[in-house]
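J.: Give the three-dimensional model of this entry:
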Amino acid sequence: MRIRKFVCAAVLASFLCVSLNSCYGSFALFNKVHKWNGKVGGKWINEVVYLVFWILPVYEICLGADWLILNTIEFWTGSKLVSMNNDTYQETDADGNKVYAVRNTDGSLSVSITDANGKKADFTLEHDGNIIRAVDTKGKIIAQEIVDANSEIVAQTALK
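T.: Take a look at the predicted model:
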């Protein structure tokens with residue numbers, strides 16, 4: 001009898017959460033864990049990890065946290081608590097040069113470039129209509145491009 005009441009209460013609570021919440025959200029935590037699983041190893045290892053994550057309630061906990069908490073916060077504040085990989089970019093070329101970029105909430109992109117010798121440059125890329133600017137850490141414009149409606153470069157300027 002007690003278990004039956006608990007199950008009924010859980011079903012009712014789930015129904016109310018779904019029907020009253022009215023926000024879809026990005027399910028960033030679940031997607032991040034799922035994407036990580038896809039990079040663990042070969043297809044057999046990925047499948048084993050996938051099954052283990054469903055048996056141990058890793059995926060269920062991530063979905064629950066996304067569904068009840070993170071998506072609701074994302075809906076009301078407009079910001080993601082769990083950043084997806086498309087908000088950051090990191091790359092190292094064969095020569096050892098590194099690029100790290102983070103998408104800011106205002107739409108700009110903070111970029112840090114380190115060459116193989118350790119020399120570092122930090123700047124922000126800002127997009128304003130058809131103008132793209134590179135701004136240094138002191139707020140000085142160091143370069144800009146003007147693009148047309150087809151995103152083709154019309155003019156470039158490098159300032160010092």
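
J.: which residues in this protein form strands?
T.: Secondary structure of the chain (DSSP state E): strands at 88-92, 98-103, 109-114, 120-128, 131-136, 141-147, 153-158.

J.: so can I have TSV of those showing mean pLDDT and mean neighbour count?
T.: To be clear about C-beta, it is placed using only N, CA and C from the backbone, and glycine gets the same treatment. Output for the strands of the chain, formatted as TSV (pLDDT from 0 to 100; neighbours: other C-beta atoms under 10 Å):
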stretch	mean pLDDT	mean neighbour count
strand 88-92	74	11
strand 98-103	82	15
strand 109-114	85	15
strand 120-128	85	15
strand 131-136	84	16
strand 141-147	82	15
strand 153-158	73	10
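
J.: Looking at those, spot the one closest to G64.
T.: Closest approach to G64 among these is made by strand 88-92 (25.3 Å; C-beta to C-beta).

J.: Does anything pack onto that closest one? Which helices or strands?
T.: If you count contacts as 3 or more C-beta pairs under 8 Å, 6 or more residues apart in numbering; DSSP states H and E, strand 88-92 packs onto strand 98-103.

J.: The strand it packs on pairs with which strands?
T.: Here strand 98-103 is paired, per DSSP bridges, with strand 88-92 (antiparallel), strand 109-114 (antiparallel).

J.: where are the low-confidence patches of the chain?
T.: The chain contains residues with pLDDT under 70 at 1, 6-25, 77-86, 160.

J.: Pop the domain breakdown of it in here.
T.: 2-77, 85-158 (automatic domain parsing).

J.: a markdown table for the strands paired with strand 98-103, including distance to F123?
T.: Below are the strands paired with strand 98-103 laid out as a markdown table (distance: least, C-beta to C-beta, whole Å):
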| stretch | distance to F123 |
| --- | --- |
| strand 88-92 | 14 |
| strand 109-114 | 6 |
